[in-house]
Structure formats: structure tokens, C-alpha cells
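*Asks:* have a look at this prediction, sequence included:
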Amino acid sequence: MSHISPVLWEFLVHWLKNFAIFPPEASTIAPYADALYFALVGMTVTGLLLVMTMVLVFAIRYRQERHPEAVQIEGSTLLEATWTLIPLGIFLVFFVWGALLYFRVFNAPPNSMNIYVVGKQWMWKVEHQGGQHEINALHIPEGVPIQVTLISQDVFHSFSIPAFRVKREAIPGRYTTVYFQATTPGKYHLFCTQYCGTNHSEMIGWVYVMTPADYRAWAAENTSGASLAQNGERLFASMGCNACHSGNASARGPNLANVYNTRIRLTDGSTVVANEAYIRETILNPSTQVPAGYAPIMPTYQGQISEDGLIDLVEYIKTLDSNYRIQQTLNKSELSSAQASTVGVGKTPPPQGAAKP
């Protein structure tokens, strides 16, 4: 490139790197998504050229000068079957290809790291299981399967990371999930691609892909001091949930130990999997899906618990592996109540900073 000015060449290189039509492929799913996209573009261009060529050839071959009198051409069953079955086969190939890619994106491996993302006008609130909280930022380790569980606190949003080739809607009142595995450390754009109100264009953020060692260091430095499950345990006790869900045989509510991901039989005879969505729904609308053998006496907590609090409760219930854990929570809440009730009994405690007798 000796005939090109070095300054111009440097400008072209910089422009191509920063204004590329496609963002970098930074996840395991990105090459597969790009392959499907380019195959569709290639097939579309091929079809367009084929149709244009046939139009041009027929326009020249059957022009009026060569055929002043129109000749009726009878149909051909073989020709009609050919131009019907070949496109049908091509469409079915792309359908199966797209379906396999879809299931790969929206079905995370069992060992995935789960991260909650709450969309609200106009920001993304990220909650890690270890208690790390972020606004408009998402820190993840490289090479680790990540499942993002999304929900909206107000209107529809759309969680999109172009470099990972993933996009998923955040819907009010319903959990949705998307899976990815980052392959290249770096900083990548995070967008909301669903118009969500006046400041929609400001609902942006960054995804930081870190090496596993750097991520562990970041997580240790940015913890809030309590995991989501620990926050959920406190909320479980403060709301009095353990009064009915004590794990005892005489309890008025079902046993929550090891309930996560099991099949629950309901009073109408149907069964449902006790996943995150079911647990959340039974907290807000308990009378809609009542477990068999129990009366619909649980009150609704609609409007009493924030979306963050629901996430904490869900994570706590997911960790309950024995009645002993529930009993520990019960004992802690009873001890806290007893300590609170002793304040003001007998002598009044001296004011802060006063000398004690």
C-alpha cells in the first residue's frame, strides 16, 4: 500500500475497526447466529439474482418482435412441483436451523451462573447471587455459562447485547431467561431495544467480561455483605412466613424444604414445576395455584414486597435443603422478637452516651 498516504491508511483502518457493520463475536453463540444470518442473506441474494435473471431472459426471448402472436403455454406438473418442493425444502432447512439455535440460546446448561436483571424506567438493575448489585453494568467471568433471569418493574423492555448476539424481552410480572457464554474479555454495549418511554435512549449500559481470577477479585471487593439468599431469609422471617411454613407435620402451609424444581400437585389435580416463576407467583397470588391438601388461607403479598425482595425470597427458598434450615430461621426470628420485647421492660435503658451505673 505504498501508493496510499500513511495518514489515510491509518484513518481507514481505524474507521473499519470502529464502524464495522457487525460487532465482534464475543460469545459462543455468536458464530452460529452469524452463520445463520449470512446463510439467509446469501439465499436471499441468490433468489433475487435468479428471479432478475429469469425476468431479463424471458423479456428478451419472448419480446413482441420475436413473437408477435401470443402462444399459449400449457402447464407442467413436473415444473410446478419442482419450483414448489425445492423452496419448501430450503425453508424447512432454515426453520430447523433457526429452531436449534433458538433452543440453544434459551435453554441454559444446569451449571450456569444465574444473574437477575430488573428493567425499570430507565435503567438496568443487576443482582448477583453473591450479593453484588450493579446499575447499568454487568460483570461476568469469561468462559462461564451465564443465565440471565429478566423481569420488568414497569413496562416492556428488551435486554440486548449485540456482541453476544442475544436479545430477550423483560416483561412485567413474568420471568424470562437468556443464556450466553462470553469468550473474549473486554467491554461490550448493553442496550434496551424496546421503546419504553421518554428516556428510552438513555437505557444503556456496559457488559464487562473478565478473566475468572479478575472476576473473583471484583466479586470479593463489591459484595454487599449478604447474599440474595441471606437477604431472603431475613425477609422470610420478618414477614412471618415461617409461622405457616415451619416444616412441621401440623404446619398450615406446605413444607418448602427441597421444593425447588419438584413437581407439585395442586387442588385441581394438575401438576406444576416449582421453579422461580411458580415461587414468585405463589407469593403474589397464592390462591391461584394451591397445593393439594392445603386450604387457600395464605394472604397475597401483592404490593407489599418489591421486585428485589421477591428475588431474595426466591433465592432463599431455592437453597432450603432441609427442615433444619427452616427451623434455624424460625429460631432466629423468635430470638430477635424476644430481644426486641425486652427493650423498655424494667429499667429504661440509659440514653446513648450516658454513664451506666
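*Replies:* Structure's in. What do you need?

*Asks:* who touches stretch 248-265?
*Replies:* With Cβ atoms under 8 Å, 6 or more residues apart in numbering as the contact definition, stretch 248-265 has outside contacts at 244-245, 247, 271-275, 278-279, 289, 291-295, 297-298, 317-318, 320-323, 325-326. Every C-beta, even on glycine, is put in place using the N, C-alpha and C of the backbone.

*Asks:* and it, what's buried?
*Replies:* For stretch 248-265, a neighbour-count test (16 or more other Cβ atoms under 10 Å) marks 251, 253, 254, 255, 256, 257, 259, 260, 264 as buried.

*Asks:* quick one: pLDDT of the third one?
*Replies:* To tie it back to what came earlier, the one meant is residue 254. For residue 254, the pLDDT comes out at 86.

*Asks:* how about it, secondary structure?
*Replies:* Following DSSP: H, G, I helix; E, B strand; the rest coil, residue 254 is assigned to coil.

*Asks:* look at residue 133 and say how many residues are nearby.
*Replies:* By other Cβ atoms under 10 Å, 13 other residues sit near residue 133.

*Asks:* actually residue 22, not the one I typed
*Replies:* 12.

*Asks:* hang on, isn't it packed against residue 31?
*Replies:* No. The criterion here is Cβ atoms under 8 Å, and residue 22 misses it with residue 31 at 11.4 Å.

*Asks:* all the strands of the protein, residue numbers only.
*Replies:* Assigned by DSSP state E, the chain shows strands spanning 113-120, 123-128, 133-135, 137-141, 146-152, 157-161, 166-170, 176-180, 186-192, 204-210, 263-265, 271-273.

*Asks:* let's have these in CSV, adding distance to residue 310 and mean pLDDT.
*Replies:* Formatted as CSV, the strands of the chain follow (distance: least, Cβ to Cβ, whole Å; pLDDT from 0 to 100):
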stretch, distance to residue 310, mean pLDDT
strand 113-120, 10, 93
strand 123-128, 11, 93
strand 133-135, 15, 93
strand 137-141, 20, 95
strand 146-152, 9, 93
strand 157-161, 17, 94
strand 166-170, 14, 92
strand 176-180, 15, 91
strand 186-192, 21, 92
strand 204-210, 22, 93
strand 263-265, 19, 89
strand 271-273, 18, 90
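
*Asks:* closest one to residue 93 among these?
*Replies:* Closest approach to residue 93 among the strands of the chain (Cβ to Cβ): strand 166-170, 23.3 Å.

*Asks:* list of residues touching the closest one?
*Replies:* Here strand 166-170 makes contact (Cβ under 8 Å, 6+ apart) with 27, 29, 105-106, 117-119, 148, 150-152, 156-161, 176-180, 193-194.

*Asks:* likewise stretch 179-189?
*Replies:* With Cβ under 8 Å, 6+ apart, stretch 179-189 has contacts from 23-29, 104-109, 112, 140-148, 161-164, 166, 204, 206-211, 214.

*Asks:* tell me the two of the buried residues of stretch 248-265 that are most distant?
*Replies:* 251 and 260 (18.0 Å).

*Asks:* in the stretch 251-357 of the chain, where is pLDDT below threshold?
*Replies:* 323-357 (pLDDT under 70).

*Asks:* how does it look with 90?
*Replies:* 251-262, 264-270, 272, 274-278, 281-309, 317-357 (pLDDT under 90).
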